[in-house]
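*Asks:* Model the following, please.
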Amino acid sequence: MVDFEKKLNKEQLRVVYEGDGPCLVLSGPGSGKTRTLVYRTVYLLEKNIPASRILLLAFTKKAANEMLSRIHRMSSVSGKEICGGTFHHAGNLFLRRYAEKTEYSSNFIIIDEEDSKSILKSILIEQKEQGAEMPKPQVVQKIISLSTNSMKSIGDVVNKYFPYFGAEITEKIKQIADQYRTRKKSNNLMDYDDLLLNWNNMLFDSDVRREISKNFLYILIDEYQDTNPLQNEIIKKVSEINKNILAVGDDAQSIYSFRAADIGNILNFSKNYPGSKIFKLETNYRSVPEILSVANAVIANNSQKLDKELKSVKEKGRMPTVIPFSNPLEQAKFIADYIEREKERNDIAVLFRAHFQCVELEIELAKRGMPYLLRGGVRFFEQHHIKDIVAYLRIFLNLHDEASWKRILLRQDGIGEINAGKIINNVCRKETLENLFEEKGDLHKNTSSSSKKGLDEVLLLLEEGYQKNVQEKIDLFLKSFYARYLDFSFENSQERKNDIRKLKEISKKYHTLEEMLIEFSLSEEFQKDGQKKNAVVLSTVHQAKGLEWKTVFIISLKEGGFPHIKSLEEDSLEEERRLFYVAVTRCKENLFLTYPLYDYREKELSEPSRFLREARVVNGGVEEEVIYNDEINQEDGEWEMY
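*Replies:* Numbering: from 1, shown residues only. Sure, this is the predicted structure:
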């Protein structure tokens, strides 16, 4: 028997002992939510609830396996006895059991993302043969997935996330989505989203819904704030009879609306489940009180929230530190200096809103040969779009750079491997770019008519950029055919354009294009050779959720940076504030909040993030929670507080 009183605090014990009926557990970061879920499940098993009548749902396979493993160690009940796993795992089990209630047979095949893209690609080829210009398969796949999980129409999704496509392309995407569904059904295939969609559809059958709902005496759900509308509908149906649903989550950590997560699911829990109880896990075991005071102060400014206040079990610690810098380069140098002095670098993280905000730091660490791990994306100079623009710039220095020519040519519709090879052979016969421009008609020889339009666009881009400086070259590239290529090829095209703009900012520190490209090449080599041992973590805040470090830097805290400019335009500021809350609560002891005073791109002084003001920080001084800490100055006085 487990001694629950010895293992849990009073807040956790209440959940374990009193968690019957519909219950919402508001669990702050670092408050032991997983521990509480595990002990609640063990408690039910000790009360002789059959394991097969407990449904335990998590959002990742890793989280589910961790909980089931801990339950097994404490109760001897194997993970297989409990119906536990991800939503998709559970959907798969029920769909095979009740296949006759669907349009599929029980031996349906689950296809992964690559299989899905392959089917969509074949459908898109048919559309292209009819003369329609269409987005790439991965973009169409994203649109269909968002439509499924948000339970919104294709049109609504396109209007919100891809407004540049317009009515004609939107109509084509609707047709493709219909063909995609038909093709999957005819071949007895389901993608991951179908596991949820068809599970929900199956539950409209009253007999099936009653049987499943009656079977599960208790339903426990982790990370409830991350559920989407489709998952929420499934939960309502499955908990219909016994109503013993224990949803654990934190509305203040709902940061995945771009994946169709709906904060309304947790905010409206009491409305959806009348008579529900609300428990609060507010005792934080991770952070010192000074850090939690910042988190509490900022999140209090949200209007859509469920009230709770984090309280630390730790004694008084170091006050968070706010540091403005003259520009992002100075910010990067300071952080690199700090990291260089620390022995345990693997307990340091640098967090940012968007990847492009840490590029200067990536370059600085690489130049010093300091290892780092990047979470939330590939290293800056290894990204597809950055490699593309570097290839374009390299051609100005070396006309005969075959790899760069091939990379740029293949971004054009109508130019494939064979035609690209023919064009490159003709290019290599020219001595200089001037010769190429004078005799560009020669490049059309031996190439197909379909490739000529794309070739002319590439030549025009090179000719227009020839006499311009590096920044102007980059501007031309971004305004050329490449902008449309990004829009039609990637779901995050705007972020990629921001990366290219960041490259333009960085280029201003170099005297020549050659100097810049040499340093970029060396940076890339340092990154490849860097050892991961004792490496600092660089991470987007989204990728940092669920993790913790002793020391955390949150960088580029300026208006338009964090909060992101898009959130100000789209009225999604409250999610940005929740994202900042998540970032702050990753830190255990040493929190640094930094921002550049000057914005290269806007060529004007930056305004500190409103989140700093909300944490009662004022420029040049502070009030209670956050202070400028002179201890971090170098002894030689190189770094000064502004």
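*Asks:* The stretch 101-250 of the chain: strands as residue ranges?
*Replies:* Along the stretch 101-250 of the chain, counting by DSSP state E, counting those that start in this stretch, strands occupy 109-110, 189-190, 218-221, 245-249.
*Asks:* swap that for the stretch 501-642 of the chain, please
*Replies:* Going by DSSP E, counting those that start in this stretch, the stretch 501-642 of the chain shows strands at 536-540, 549-554, 587-596, 598-599, 604-605, 617-618, 621-622.
*Asks:* got the angle between the longest one and strand 549-554?
*Replies:* Pointing back at strand 587-596 there. Using axes from the mean of the first three to the mean of the last three CA atoms, to 10 degrees, the direction of strand 587-596 lies 20 degrees away from that of strand 549-554.
*Asks:* Pull up the pairing partners for strand 587-596, direction included.
*Replies:* strand 321-325 (parallel), strand 549-554 (parallel) (DSSP bridges).
*Asks:* So for the longest one, mean pLDDT?
*Replies:* Taken as a whole, strand 549-554 has an average pLDDT of 97.
*Asks:* Which residues does it contact?
*Replies:* 335, 342, 344, 347-352, 537, 541, 562, 580, 583-584, 586-594 (CB atoms under 8 Å, 6 or more residues apart in numbering). C-betas here are computed from N, CA, C, even on glycine.
*Asks:* Can you say which of those residues are buried?
*Replies:* 335, 347-352, 537, 541, 562, 580, 583-584, 586-594 (16 or more other CB atoms under 10 Å).
*Asks:* Grab the longest helix from this protein for me.
*Replies:* The single longest helix within the chain, with elements called by DSSP state H, is helix 166-186.
*Asks:* and that helix, average pLDDT?
*Replies:* Rounded mean pLDDT across helix 166-186 is 93.
*Asks:* Go ahead and measure how far it is from the middle of the chain.
*Replies:* 26 Å (CA atoms, centre = their mean, to the nearest Å).
*Asks:* contacting residues around it?
*Replies:* Counting by CB under 8 Å, 6+ apart, 103-104, 111, 119-120, 123-124, 127, 132-135, 140, 143-144, 147, 154-155, 158-159, 165, 189-191, 194 sit against helix 166-186.
*Asks:* Can you select the buried ones from the residues you listed in ChimeraX?
*Replies:* Per 16+ other CB under 10 Å, the buried members of those correspond to this ChimeraX selection:
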select :104,111,119,120,123,124,127,134,135,140,143,144,147,154,158,165,189,190,191,194
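*Asks:* one step back: determine which stretch of the strands of the stretch 101-250 of the chain is the most buried.
*Replies:* Mean neighbour count (mean count of other CB atoms under 10 Å) peaks for strand 245-249 among these, with a mean of 26.
*Asks:* which stretches of the stretch 501-642 of the chain aren't confidently modelled?
*Replies:* Along the stretch 501-642 of the chain, segments meeting pLDDT under 70 span 522-532, 599-604, 617-642.
*Asks:* pretty sure residue 352 is touching residue 541, no?
*Replies:* Yes: when contacts are counted by CB atoms under 8 Å, residue 352 is listed as touching residue 541 (7.2 Å).
*Asks:* how close does residue 341 sit to residue 154?
*Replies:* Applying CB to CB, to the nearest Å, the value for residue 341 to residue 154 is 53 Å.
*Asks:* same thing with residue 563?
*Replies:* Taken as CB to CB, the span from residue 563 to residue 154 is 29 Å.
*Asks:* One more: residue 490?
*Replies:* 19 Å.
*Asks:* Could you find the closest non-adjacent residue to residue 472?
*Replies:* Once flanking residues are discounted, residue 472 sits nearest to residue 465: 7.0 Å by CB to CB, 6 or more residues apart in numbering.
*Asks:* for the stretch 351-500 of the chain, what spans make up the helices?
*Replies:* Listed in chain order, the helices of the stretch 351-500 of the chain (DSSP state H, counting those that start in this stretch) span 359-367, 384-397, 402-409, 417-427, 433-438, 449-465, 470-479, 481-489, 493-507.
*Asks:* What average pLDDT does the first one get?
*Replies:* Confidence for helix 359-367, expressed as mean pLDDT, is 89.
*Asks:* what angle do it and helix 384-397 make?
*Replies:* Compare the direction of helix 359-367 with that of helix 384-397 by the same axes, to 10 degrees and you get 70 degrees.
*Asks:* and helix 359-367, how far out from the chain's middle?
*Replies:* Put simply, helix 359-367 sits 22 Å off its chain's centre (CA atoms, centre = their mean).
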